[in-house]
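# Predicted coordinates and the sequence they were generated for:
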Amino acid sequence: MSDRQRTDKPKLLRKILFSVVAIAVIGVIAFWLLTAPAALSASMLGPHTANLANGKAMFFAGGCAGCHATPHQDDPTKLGGGRGLKTPFGTFYVPNISPDRSDGIGAWREIDFVNALLKGVSPSGEHFFPAFPYTSYRHMKLDDVRDLFAYLKTLPPVQGKVRAHDVTFPFNIRRAVGLWKLLFLDDTPLKDDPTKSAAWNRGAYLVNGPGHCAECHSPRTLFGSIKTGQRFAGAPDLEGEGWVPNITQRGLAKWSERDIANLLAYGELPDGNDAGGSMVDVVRNTSKLSDQDRQAMAVYLKSLPPVDGPTPPPVKRKAQSAP
């Protein structure tokens, strides 16, 4: 090897190293910019007179108590949180959303609550994990969100901090949720369909927005996003207990609108049996809605075209003891 070759080799290595470092730095900067939380400004809200009756309706439509009510007590207005939601990514512990100023959301501004539901962004400017179904809540009307916040402030404050999530690396990196949002968060506005009835449009809003029905009734990818084309087509329960049924016409073909409305009102199945599993909590909330809203949800759900979903596992029959 000549002297010139010996001199050029370190220079080449330095150039390669510099290029690698430069690419890495550019990659980090791009990641940081692309994953930045996007929040609304308080100046965008404008004046609003809260409608507490509507806020209460949104509370039940959204099933807030189903997740946030303090476990092991019967008052659905005590929203101290603490329930553990098991997922393939770890266990998420539902936060305290009572009006307690230290442990709940009592110190939150209205814009903080709006950003939480519509943007999935916390008051401190961090991404919320999508175990919190802002993926559906983001379709809610702004006035409904503001009314819901006003209603929550009328509920009793509950003391008690909720423990941190138990989520494995790398899924515990909140900044990375920004990338998940870029890839999977649906930004399509939920608009009324002028070719459909008022009841259908109201039902579509309640089911896809505050009701967040697709969050449980749809299969998910390895990344936790709902599988395109199989929305409402049934899925294994996210907490690993049982199966969430297909609620398109593939699963509800023999159900009438009245059957669906009765389920939402009384938890009663068409065969006379009662709904079980997580649907019990859902019915506790939907039973508080107006007859018109339950009927609207039934109209919309009955209109969903049949979609094939994943095959449920065979039902395990309990062994009977010998006579």
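Received the coordinates, thanks.
# how near is Gly82 to Val158?
Gly82 sits 10 Å away from Val158, going by Cβ to Cβ, to the nearest Å. Backbone N, C-alpha and C define where each C-beta goes, glycine included.
# Among the two, which residue is more densely surrounded?
Using other Cβ atoms under 10 Å, the more surrounded residue of Gly82 and Val158 is Val158, with 23 against 18.
# Identify the residue spatially nearest to the more buried one, adjacent ones excluded.
Gly80 (3.6 Å; Cβ to Cβ, 6 or more residues apart in numbering).
# The one you found - that's part of a helix, no?
No: under the criterion used here (DSSP: H, G, I helix; E, B strand; the rest coil), Gly80 is coil, not part of a helix.
# per-residue confidence for it?
Gly80 is assigned a predicted lDDT (pLDDT) of 95.
# again, but for Trp180
Looking at Trp180, its pLDDT is 90.
# Could you tell me how many residues sit around it?
Trp180 has 18 neighbours, counted by other Cβ under 10 Å.
# so how far is Gly251 from it?
For Trp180, the distance to Gly251 - Cβ to Cβ - is 29 Å.
# Now the common contact residues for Gly82 and Val158.
Shared contacts of Gly82 and Val158 (Cβ atoms under 8 Å, 6 or more residues apart in numbering): 70, 96.
# dump the residue contacts of the residue nearest to Val158.
Counted by Cβ under 8 Å, 6+ apart, Gly80 has contacts 68-70, 96, 98, 103-104, 158-160, 162.
# try 6 Å
Residues near Gly80 by Cβ atoms under 6 Å, 6 or more residues apart in numbering: 70, 96, 98, 158, 160.
# Which PyMOL command selects the buried ones in the residues you listed?
To isolate in PyMOL the members of the contacts of Gly80 that are buried, counting by 16 or more other Cβ atoms under 10 Å, one can use:
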select buried, resi 70+96+98+158
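# Pick the one among the contacts of Gly80 closest to Asn54.
Comparing those against Asn54 with Cβ to Cβ places Ser98 closest, at 20.3 Å.
# which residue packs closest to Gly277, ignoring adjacent ones?
Gly277 sits nearest to Gly242 (Cβ to Cβ, 6+ apart), 5.2 Å away.
# I'd say the one you found and Ser278 touch.
No: counting by Cβ atoms under 6 Å, Gly242 does not reach Ser278; the two are 8.0 Å apart.
# Point me to the helix or strand that includes Phe223.
Using DSSP states H and E, Phe223 sits in no helix or strand.
# how close does Asn262 get to Ser287?
Distance, Asn262 to Ser287, using Cβ to Cβ: 11 Å.
# So for those two, which residue has more residues nearby?
Legend: neighbour count by other Cβ under 10 Å for Asn262 and Ser287, higher for Asn262 (17 against 14).
# That one: what's it in contact with?
Asn262 makes contacts with Glu268, as judged by Cβ under 6 Å, 6+ apart.
# Going forward, the N-terminal residue is numbered 833.
Fine by me, first position is 833 from now on; the one you just mentioned is Asn1094.
# Please put the alpha-carbon coordinates of the helix or strand where it lies into CSV.
Take DSSP H and E as the rule and Asn1094 turns out to sit in helix 1089-1098. What follows is helix 1089-1098, C-alpha atoms only, in CSV (Å, rounded to 0.1, in the frame of the first residue of the first chain):
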residue,chain,number,x,y,z
GLU,A,1089,-84.0,-2.3,14.8
ARG,A,1090,-86.3,-3.0,17.7
ASP,A,1091,-84.0,-5.8,18.9
ILE,A,1092,-81.0,-3.5,18.8
ALA,A,1093,-82.8,-0.8,20.7
ASN,A,1094,-84.0,-3.2,23.3
LEU,A,1095,-80.5,-4.4,23.8
LEU,A,1096,-79.3,-0.9,24.4
ALA,A,1097,-82.2,-0.2,26.7
TYR,A,1098,-82.5,-3.3,28.7
